[in-house]
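>>> Provided below are the primary sequence and the corresponding predicted coordinates.
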Amino acid sequence: MSNPFVDKAKANMGAVERLLKGLPIIRGYVDKELRRDADYRLRQTIVEALTAEKQRIYALQQKLLRSGGLRYLDDVDAVVQKLQTLTDRIATASYGYAGLFNAVRIKEDQLDALHRFDVALAERAYEVAEGVDELERAIGKGNTGVEEAVADLSDKLLELNHLFDQRHRAVDDPDLLVGDAPNVSEDWIKAANQYGTESSQ
């Protein structure tokens with residue numbers, strides 16, 4: 001049965017599709033030898049998405065300069081710094097020898113929770129992209145609403161940072177996975193399951 005969310009992602013060939021394609025499917029974590037690869041693939045997908053948004057913000061800074069928005073540049077630059085710091089953290093995250101990567105087997109509820117974390121990271125990364133879209137719209141309307149858009153984007157980055165912290169802790173201690181599993185849109189869960197299955201065949 002067709003999933004409208006997946007269909008839209010495929011039609012747009014945009015950020016949602018790229019994020020979905022980078023998500024490890026659940027069975028990628030079942031085999032102990034593949035877990036680090038699955039985790040690395042997920043983190044690289046998020047890093048690539050955030051790096052693309054950073055480049056978009058650089059271009060928006062130039063638009064702000066040309067449109068008389070000099071007073072907003074410090075705030076936008078602060079967002080860029082948060083984005084860079086978060087991107088670097090996700091790209092270089094290292095784990096101890098205990099936890100998820102050392103476990104011989106992972107319980108089914110832990111696997112489900114880890115998958116929710118992965119999908120939530122992708123969803124939050126997409127929300128960052130939407131925040132950059134909103135900033136672009138505000139600049140296009142003569143800088144009306146730029147301050148609010150920057151504040152909202154900053155909040156989205158903090159939320160993504162917090163979620164990554166939770167997942168990082170849970171990878172070290174898989175017992176935390178189930179208790180800390182985040183809320184995720186069911187559209188994202190269904191699309192990730194469908195898309196992951198399709199892309200692995």
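Here it is on my side, so go on.

>>> Tell me the pLDDT of the residue of the chain positioned farthest from its centre.
Within the chain, residue 68 marks the point farthest from the mean C-alpha position, 32.0 Å out by C-alpha atoms, centre = their mean. Per-residue confidence at residue 68 stands at 90 (pLDDT).

>>> Residue 86 too?
We have a pLDDT of 96 for residue 86.

>>> likewise residue 33?
84.

>>> which residues are in contact with stretch 32-39?
Identification of contacts with stretch 32-39 by C-beta atoms under 8 Å, 6 or more residues apart in numbering yields 24, 28-29, 100-104, 171. For every residue, glycine as well, the C-beta is placed using N, CA and C.

>>> Show me just the buried residues among these.
Buried subset of the contacts of stretch 32-39 (neighbour count, 16 or more other C-beta atoms under 10 Å): 24, 28-29, 100-101, 171.

>>> among the residues you listed, which are in helices?
Residues of the buried ones among the contacts of stretch 32-39 located in helices (DSSP state H): residue 171.

>>> tell me the centre residue of this protein?
Short answer for the chain (C-alpha atoms, centre = their mean): residue 125, at 3.0 Å.

>>> what's the average pLDDT for stretch 117-136?
95.

>>> Now find how far off-centre that stretch is within its chain.
Counting by C-alpha atoms, centre = their mean, to the nearest Å, stretch 117-136 is centred 6 Å from the centre of its parent chain.

>>> same check, this time on stretch 172-192
With C-alpha atoms, centre = their mean as the basis, stretch 172-192 stands 13 Å off its chain's centre.

>>> start to end distance for it?
End-to-end distance for stretch 172-192: 24 Å, by C-alpha to C-alpha, to the nearest Å.

>>> Likewise for stretch 95-105?
End-to-end distance for stretch 95-105, by C-alpha to C-alpha: 18 Å.

>>> contacts for it?
Contacts of stretch 95-105 (C-beta under 8 Å, 6+ apart): 29, 32, 35-36, 39, 106, 114, 168, 170-174.

>>> Least confident secondary structure element in the chain?
Within the chain, no helix or strand scores below helix 4-12, which has a mean of 52 by mean pLDDT, DSSP states H and E.
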